[in-house]
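J.: I'll drop the sequence and a predicted model, then ask my questions.
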Amino acid sequence: MSKRFSDLGIESQIQKRLAALQITIPTDIQEKAIPVVLKQKEDLVALAKTGTGKTAAFGLPLLQLIDVTNTNVQAIILAPTRELGHQIHANLVSFAAEIPAISIAAVCGGIPIKPQIERLKKSTQIVVATPGRLVDLIEREGINVKNVNYLVLDEADEMVTALKTDLDIIIKEIPKNRRTLLFTATMPGSIKQLVNNYMSKEVVQVEADMATMGHQGIDHQYVVVEPIEKLEVLLHFLNSKEGQRGIIFCKTKAAVNKLAKNLAINKFSSGALHGSLTQGIRDRIMGQFRDGHIDILVATDLAARGIDVKEIAYVVNYHLPDTYDAYVHRSGRTARAGAKGLSLTILQEEEVQDIADFEKELGISFSRYKKADAKSIEENNGLLWAKKIFKTKPNRNVSEDFKHQIRTVFHHLTKDELVDKILANYLAQTSNSIPKIDAPKKRKK
């Protein structure tokens, strides 16, 4: 029989709020981590994939452990990206709606620091921060971290890899007798080293049921393409998913910008997300994606951390990730909260041999996605062309006399006849310009 939050020791105020949010049954990682945080004194290492409810696993017991009569900063939660930081902050504020005495602040980069310094002068018990901004605040004496009892490292595997210097500074500044709660999707050597260096010798480790939670509901597939056809194969795939939301991952910011531009040219409802964009632009794009105003997000790995959006139908790896950990985080953006999802990786022939390594390391199975044939690609290009026309705004500068002359040319045609003629003209113009898509060449042995 499934446990309830009351069985884990969560108090009635928080239970009431969870019920209002329609959260009634703890996930596996919540069931294992919450009693440790609430009832034990040791540090915690929690291994769980994305989409398994990690924020509530540390957030709910923290809200209960905070001394509301003490106005000092008692808990710091570190996240590798602004987006994840803001997501955690929003979740905690929501969980704490029935506990108005608790004050939670988010101090992430990308926005002016002075308002954050002013905010921290007020009563603040929990701070959600990105490492770089927290270091800046410490150096400016804009935050007092000398009374911190709890340090939470969320998505720690990404934080250690990209932000280790800042993390080292922070850990030196906070009390040594604090409890450290580390949550990670993977356990690379860098995490093990952090545990050895900065956590107590008595560390409790819990692990979500990785076999059922980590990749549950995700259909892992790959498609093999020639470089010249890569974009057209992607566009064909995206057209087949019209109306569904998805994320496309690229390795670099330049690749994100280039692909996002191509999607915009072809009138796909999309936006780009990477670290070089201003916080205002990133917030606007994420808001549009969360609210369903855009369907496709093109992003780098780091920028996409913290995207906790339900109903993401698919993830596309436009470039094969460099690490197994990156694949876990990418694919984990889909199939959240018990839903199903597709993780499609676009490969060149020489990369196919790497799939077996991903399967072995991650304990998953890939199937081969059937690539669209040349005829389907050509027809898809025609559909994209038609959508461009449909979405083109009328030119208001054209004179009425000229428009009348054009209408006179076509006035005797029915709608179907006009479509037939326009399509025939398009096919005549493109028949010599569309590259022929041959079967992938076999590698010479």
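T.: Yep, that arrived.
J.: which regions of the stretch 301-445 of the chain sit below the pLDDT cut-off?
T.: Low-confidence segments of the stretch 301-445 of the chain (pLDDT under 70): 303-308, 337-338, 431-445.
J.: Return the distance of stretch 218-234 from the chain's centre.
T.: Stretch 218-234 sits 21 Å away from the centroid of its parent chain (C-alpha atoms, centre = their mean, to the nearest Å).
J.: er, stretch 20-37 I mean
T.: The answer for stretch 20-37 is 22 Å, by C-alpha atoms, centre = their mean.
J.: cool, stretch 62-73 as well?
T.: Mean-position distance between stretch 62-73 and its chain equals 30 Å (C-alpha atoms, centre = their mean).
J.: Go ahead and produce PDB holding the CA coordinates of it.
T.: Provided in PDB are the C-alpha atoms of stretch 62-73 (Å, rounded to 0.1, in the frame of the first residue of the first chain):
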ATOM      1  CA  LEU A  62      13.000  22.000   5.200                       C
ATOM      2  CA  LEU A  63       9.900  24.100   5.600                       C
ATOM      3  CA  GLN A  64       9.000  22.000   8.700                       C
ATOM      4  CA  LEU A  65      12.500  22.300  10.200                       C
ATOM      5  CA  ILE A  66      12.800  26.100   9.800                       C
ATOM      6  CA  ASP A  67      12.600  28.100  13.000                       C
ATOM      7  CA  VAL A  68      10.000  30.800  12.100                       C
ATOM      8  CA  THR A  69      11.000  32.800  15.200                       C
ATOM      9  CA  ASN A  70      14.600  33.200  13.900                       C
ATOM     10  CA  THR A  71      14.900  35.800  11.100                       C
ATOM     11  CA  ASN A  72      18.400  34.600  10.000                       C
ATOM     12  CA  VAL A  73      19.100  32.700   6.800                       C
END
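J.: what sits up against that stretch?
T.: If you take C-beta atoms under 8 Å, 6 or more residues apart in numbering as the criterion, stretch 62-73 is touched by 9-11, 14, 37-38, 74-75, 77, 92, 95-96, 99, 101-103, 120, 123-127, 143-145, 147-150, 152. For glycine as for every other residue, the C-beta is placed from the backbone atoms N, C-alpha and C.
J.: In helices only, show me these.
T.: I14, V37, L38, L92, F95, L120 (DSSP state H).
J.: So which of the residues you listed is the closest to V203?
T.: Of all those, V37 has the smallest distance to V203: 13.0 Å, by C-beta to C-beta.
J.: quick one: contacts for Y198?
T.: Applying C-beta under 8 Å, 6+ apart, the residues contacting Y198 are I171, T180.
J.: Helices of the stretch 51-200 of the chain, start to end?
T.: Under the criterion DSSP state H, counting those that start in this stretch, the stretch 51-200 of the chain carries helices at the ranges 54-65, 82-95, 114-120, 131-139, 156-173, 189-198.
J.: Most neighbours among the ones in helices among the contacts of stretch 62-73, which one?
T.: V37 (25 neighbours; other C-beta atoms under 10 Å).
J.: so of the helices of the stretch 51-200 of the chain, which one's packed in deepest?
T.: helix 54-65 (a mean of 25; mean count of other C-beta atoms under 10 Å).
J.: Please convert the buried members of the contacts of stretch 62-73 into ChimeraX selection syntax.
T.: Here is the ChimeraX command that selects the buried residues among those (16 or more other C-beta atoms under 10 Å):
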select :10,14,37,38,74,75,77,92,95,96,102,103,120,124,125,126,127,143,145,148,149,150,152
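J.: Of the contacts of stretch 62-73, which belong to strands?
T.: Counted as lying in strands by DSSP state E, out of the contacts of stretch 62-73, are A75, I77, I126, V127, Y150, V152.
J.: would CSV of these with distance to G110 and pLDDT be doable?
T.: What follows is these, written out as CSV (distance: C-beta to C-beta, whole Å; pLDDT from 0 to 100):
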residue, distance to G110, pLDDT
A75, 23, 98
I77, 17, 97
I126, 20, 98
V127, 16, 98
Y150, 25, 97
V152, 21, 96
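J.: Same list (the residues you listed) but as TSV, adding distance to V203.
T.: Shown next, in TSV, are those (distance: C-beta to C-beta, whole Å):
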residue	distance to V203
A75	18
I77	19
I126	23
V127	24
Y150	15
V152	14
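J.: Pull the number of nearby residues for I346.
T.: For I346, using other C-beta under 10 Å, the count is 22.
J.: before we move on, the earlier item: nearest to A424, of the helices of the stretch 51-200 of the chain?
T.: helix 82-95 (47.8 Å).
J.: how big is the angle separating that closest one from helix 156-173?
T.: Put simply, helix 82-95 runs at 80 degrees to helix 156-173, going by axes from the mean of the first three to the mean of the last three C-alpha atoms, to 10 degrees.
J.: ok, residues contacting helix 82-95?
T.: By C-beta under 8 Å, 6+ apart, the list of residues contacting helix 82-95 reads 14, 17-18, 21, 55-56, 59-60, 62-63, 77, 79, 104-106, 108-110, 126, 128-130, 154-155, 279, 282-283, 286, 303-308.
J.: are any of the residues you listed buried, and which?
T.: 14, 17-18, 55-56, 59-60, 62-63, 77, 79, 104-106, 108-110, 126, 128-130, 154-155, 282-283, 286, 303-308.
J.: Need phi/psi at the residue nearest to T430 when sequence neighbours are not counted.
T.: Excluding its sequence neighbours, the residue lying closest to T430 (C-beta to C-beta, 6 or more residues apart in numbering) is N381, at 7.3 Å. For N381, the backbone dihedrals are phi -60, psi -40 (criterion: degrees, to the nearest 10).
J.: Please enumerate the strands of the stretch 151-300 of the chain.
T.: 179-184, 203-207, 218-224, 245-249, 270-273, 296-299 (DSSP state E, counting those that start in this stretch).
J.: Next, format the helices of the stretch 51-200 of the chain as TSV and append distance to T414.
T.: Output for those, formatted as TSV (distance: least, C-beta to C-beta, whole Å):
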stretch	distance to T414
helix 54-65	58
helix 82-95	51
helix 114-120	62
helix 131-139	63
helix 156-173	59
helix 189-198	67
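J.: Tell me which of the ones you listed sits nearest to R333.
T.: Nearest of the helices of the stretch 51-200 of the chain (C-beta to C-beta): helix 82-95, 11.8 Å.
J.: What residue, apart from its backbone neighbours, is nearest N239 spatially?
T.: Nearest to N239 is N380, by C-beta to C-beta, 6+ apart, at 5.5 Å.
J.: Can you classify that neighbour by secondary structure?
T.: Applying DSSP: H, G, I helix; E, B strand; the rest coil to N380 yields a three-state assignment of helix.
J.: Burial check on it, number of neighbours?
T.: 19.
J.: Test my guess that it contacts V233.
T.: No - counting by C-beta atoms under 8 Å, N380 does not reach V233; the two are 9.4 Å apart.
J.: V128 bridge partners, please.
T.: I77, A106 (DSSP bridges).
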